[in-house]
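> can you look at this prediction? I've put the sequence above it.
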Amino acid sequence: MTFEHLSLIAPILRALREGGYEKPTPIQSGAIPHALAGRDILGLAQTGTGKTAAFALPILQLLSAGQPAAARAPKALILAPTRELAIQINQSFIKYGRNLRLKTAVIYGGVGQGPQAHALARGVDILVATPGRLMDLMGQRLVTLNRVEFLILDEADRMLDMGFIRDVEKIVAALPRKRQSFFFSATMPPAVERLAAELLADPATVSVSPVSAPAERIDQKVMFVGRDSKDALLAALLKDQSIYRMLVFTKTKHKANRVAEKLVRGKISAEAIHGNKSQGARQRALQNFVKGSTRVLVATDIAARGIDITGISHVVNFELPNEPESYVHRIGRTARAGAGGVAISFCDKDEREYLRAIERVIRAPIAMDDSHPFHCAETAAARSGGVAPRPSNGGGCRRNARPAYAARNGRGAGGYARRESRQRWN
């Protein structure tokens with residue numbers, strides 16, 4: 001199937017060709033025909049599946065066919081949980097709509113509102129916003145939503161995780177009742193299901209894969225390690241120079257800063273990205289990561305929403321997430337656009353229950369890699385209900401037990417781990 005088969009108009013098809021797009025992804029081929037027919041859409045898709053185009057292309061086409069409003073108030077509203085994702089969505093609308101006479105704007109917090117207010121005053125057709133800043137501008141009567149014809153909630157599960165549910169409800173209450181709504185989420189916990197039921201009317205459901213299943217091309221492994229040895233294990237992995245772009249996840253902003261600072265002290269180029277960073281600092285960190293001048297990006301779950309970067313070779317869960325569905329979202333940052341990738345999870349004794357919950361959600365055990373010098377036999381044995389060997393160091397975790405690990409077979413830490421993992425998976 002090609003984009004021509006989706007009944008898209010010539011200006012959009014031309015923009016897609018100019019952008020190098022050849023064939024629609026499953027979420028696009030499933031959602032676009034229903035959207036063009038006026039149906040509400042419930043899209044279940046992980047990041048990296050092309051879901052932005054799945055709602056952007058039909059909205060651009062439907063808006064281009066309508067009559068321009070005199071006041072030029074927003075006719076399409078896209079809500080996103082983070083600044084990064086909002087910016088990315090706005091850039092996509094600009095790219096796909098380059099041959100159409102439609103105006104877009106993006107508003108988000110963390111920066112001065114002046115330029116955003118001016119953009120709204122000049123008039124926009126398509127508004128991409130984070131809920132908090134949109135609520136601020138609505139309270140100042142700088143934006144009106146009474147002409148909105150299309151509502152899109154992207155990353156709805158993360159929207160709820162971040163506590164935006166009340167803001168979303170207030171924003172929706174300000175919209176016309178007659179509208180077409182699109183609802184996209186990587187996971188569907190009960191709270192998300194309830195919100196979708198409230199917002200959508202007889203939706204067409206488009207699911208490209210089970211929301212609990214990670215990409216097949218991701219080589220997953222778990223490394224059992226003492227909490228105090230995680231920094232050393234991360235540094236050991238990075239001695240493998242074939243690990244050229246690594247995304248590391250932590251639970252908190254403080255831990256993200258600390259991990260990045262330790263890597264920098266070890267002469268490894270690294271930066272942290274989280275909600276306390278200014279928008280400029282976050283954008284510079286992402287740009288450095290894309291260019292390759294930063295080898296390791298350390299992020300919290302919230303800040304990582306909107307990171308759509310191809311070529312991430314490794315994702316490391318420095319700390320396992322409390323919510324197992326977040327594991328699927330995290331590791332989906334690698335193996336993009338048909339490439340392969342490696343996902344490594346550090347698990348200490350206090351995180352064993354998180355690991356069990358993740359394995360229940362993905363319906364498969366994660367292969368253990370015990371080839372590293374910080375293997376914690378006590379934690380590994382407890383995972384399977386076994387009995388750990390008598391510890392020689394009083395903690396049940398080997399430390400520096402294999403000093404030649406980083407240079408074994410001349411392949412480095414990551415290379416050795418990948419060979420071991422392949423043997424276990426095959």
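That came in fine, so what should we check first?

> would you map the strands across the stretch 251-400 of the chain?
Ranges of strands in the stretch 251-400 of the chain, per DSSP state E, counting those that start in this stretch, are 270-273, 296-299, 314-317, 341-347.

> please tabulate those in CSV, including the columns mean neighbour count, mean pLDDT and distance to Thr205.
In short, each C-beta sits where N, CA and C put it, glycine included. Putting these into CSV (neighbours: other Cβ atoms under 10 Å; pLDDT from 0 to 100; distance: least, Cβ to Cβ, whole Å) gives the following:
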stretch, mean neighbour count, mean pLDDT, distance to Thr205
strand 270-273, 25, 94, 33
strand 296-299, 27, 94, 31
strand 314-317, 26, 95, 29
strand 341-347, 25, 95, 28
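
> just send those strands back as TSV, with distance to Ile165 too.
Converted to TSV, the strands of the stretch 251-400 of the chain look like this (distance: least, Cβ to Cβ, whole Å):
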stretch	distance to Ile165
strand 270-273	25
strand 296-299	23
strand 314-317	26
strand 341-347	29
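
> quick one, which of those strands is nearest to Ala204?
Set against Ala204 and scored by Cβ to Cβ, these come closest in strand 341-347, at 31.2 Å.

> elements contacting that closest one?
Under the contact criterion of 3 or more Cβ pairs under 8 Å, 6 or more residues apart in numbering; DSSP states H and E, strand 341-347 touches strand 218-224, helix 230-237, strand 314-317, helix 324-331, helix 352-362, helix 412-425.

> what's the angle from that strand to helix 324-331?
140 degrees (axes from the mean of the first three to the mean of the last three Cα atoms, to 10 degrees).

> what residues does stretch 310-322 touch?
Residues external to stretch 310-322 that are found in contact with it (Cβ atoms under 8 Å, 6 or more residues apart in numbering): 230, 234, 237, 242-251, 255, 259, 298, 301, 327, 330-331, 333-334, 336-337, 339, 341-347, 351, 354-355, 358, 414.

> low-confidence stretches in the stretch 301-426 of the chain?
303-308, 335-339, 384-426 (pLDDT under 70).

> pLDDT score for Tyr21?
For Tyr21, the pLDDT comes out at 87.

> tell me the phi and psi of it?
Here is the backbone geometry of Tyr21 (degrees, to the nearest 10): phi -80, psi 130.

> tell me, how many residues neighbour it?
19 (other Cβ atoms under 10 Å).

> please verify my assumption that it contacts Phe3.
Yes. Counting by Cβ atoms under 8 Å, Tyr21 touches Phe3, with 6.8 Å between them.

> what touches both of those two?
Contacts common to Tyr21 and Phe3, judged by Cβ under 8 Å, 6+ apart, are absent.

> just checking, what packs against the strand or helix carrying Leu247?
Assigned by DSSP states H and E, Leu247 belongs to strand 246-249. When contacts are defined as 3+ Cβ pairs under 8 Å, 6+ apart, strand 246-249 sits against strand 296-299, helix 301-304, strand 314-317.

> and of those, who's closest to Asp40?
Short answer: helix 301-304, nearest of these by Cβ to Cβ, at 27.4 Å.

> pLDDT below threshold where in the stretch 151-300 of the chain?
209-216.

> rerun that using 90 as the cut-off
Within the stretch 151-300 of the chain, the stretches with pLDDT under 90 are 155-166, 185-193, 207-218, 241-242, 244, 274-284, 286-287, 290-291, 300.

> any idea how many residues pack against Ile309?
15.

> which residue packs closest to Asn146, ignoring adjacent ones?
Pro176 (6.4 Å; Cβ to Cβ, 6 or more residues apart in numbering).

> what sits against that neighbour?
Pro176 neighbours (Cβ under 8 Å, 6+ apart): Asn146, Arg147, Val148, Glu149.

> ditto for Val264
Val264 neighbours (Cβ under 8 Å, 6+ apart): Ala270.

> can you check the one 10 residues further on too?
Applying Cβ under 8 Å, 6+ apart, one finds that His274 lies in contact with Lys253, Ala256, Asn257, Ala299, Thr300, Ile302, Ala303.

> does the fifth one touch His254 like I think?
No. Look at Thr300 against His254 with Cβ under 8 Å: they stay out of range, at 9.9 Å.

> so between those two, which is more surrounded?
Thr300 (20 against 13).

> excluding chain neighbours, what is closest to that one?
His274 (4.6 Å).

> picking that back up, which one of the helices and strands packed on strand 341-347 is the most hemmed in?
strand 314-317 (a mean of 26; mean count of other Cβ atoms under 10 Å).

> identify the farthest-apart pair in the contacts of His274.
Asn257 and Ile302 (14.7 Å).

> how near is Thr104 to Ile94?
Using Cβ to Cβ, to the nearest Å, we find Thr104 at a distance of 6 Å from Ile94.

> which of those two has more neighbours?
Thr104 (22 against 16).

> let me see the contact set for the more buried one.
Contacts of Thr104 by Cβ under 8 Å, 6+ apart are Asn90, Phe93, Ile94, Gly97, Val124, Asp125, Ile126, Leu127, Val128.

> as TSV, these with secondary structure, pLDDT and distance to Ser7 would be great.
What follows is those, written out as TSV (DSSP: H, G, I helix; E, B strand; the rest coil; pLDDT from 0 to 100; distance: Cβ to Cβ, whole Å):
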residue	secondary structure	pLDDT	distance to Ser7
Asn90	helix	95	25
Phe93	helix	97	20
Ile94	helix	96	23
Gly97	coil	96	17
Val124	coil	95	26
Asp125	coil	95	21
Ile126	strand	97	21
Leu127	strand	98	26
Val128	strand	98	25
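
> of these, closest to Ile268?
Nearest to Ile268 among the contacts of Thr104: Asn90, at 33.0 Å, using Cβ to Cβ.

> what's near enough to touch the closest one?
Thr104, Ala105, Val106, Val128.

> what about it, distance to Glu261?
Distance from Asn90 to Glu261, by Cβ to Cβ: 32 Å.

> between the helices and strands packed on strand 341-347, which gets nearest to Ala204?
Once those are compared by Cβ to Cβ, helix 324-331 is nearest, at 23.2 Å.

> who are the packing partners of the closest one?
Packed next to helix 324-331, using 3+ Cβ pairs under 8 Å, 6+ apart, are helix 301-304, strand 314-317, strand 341-347, helix 352-362.
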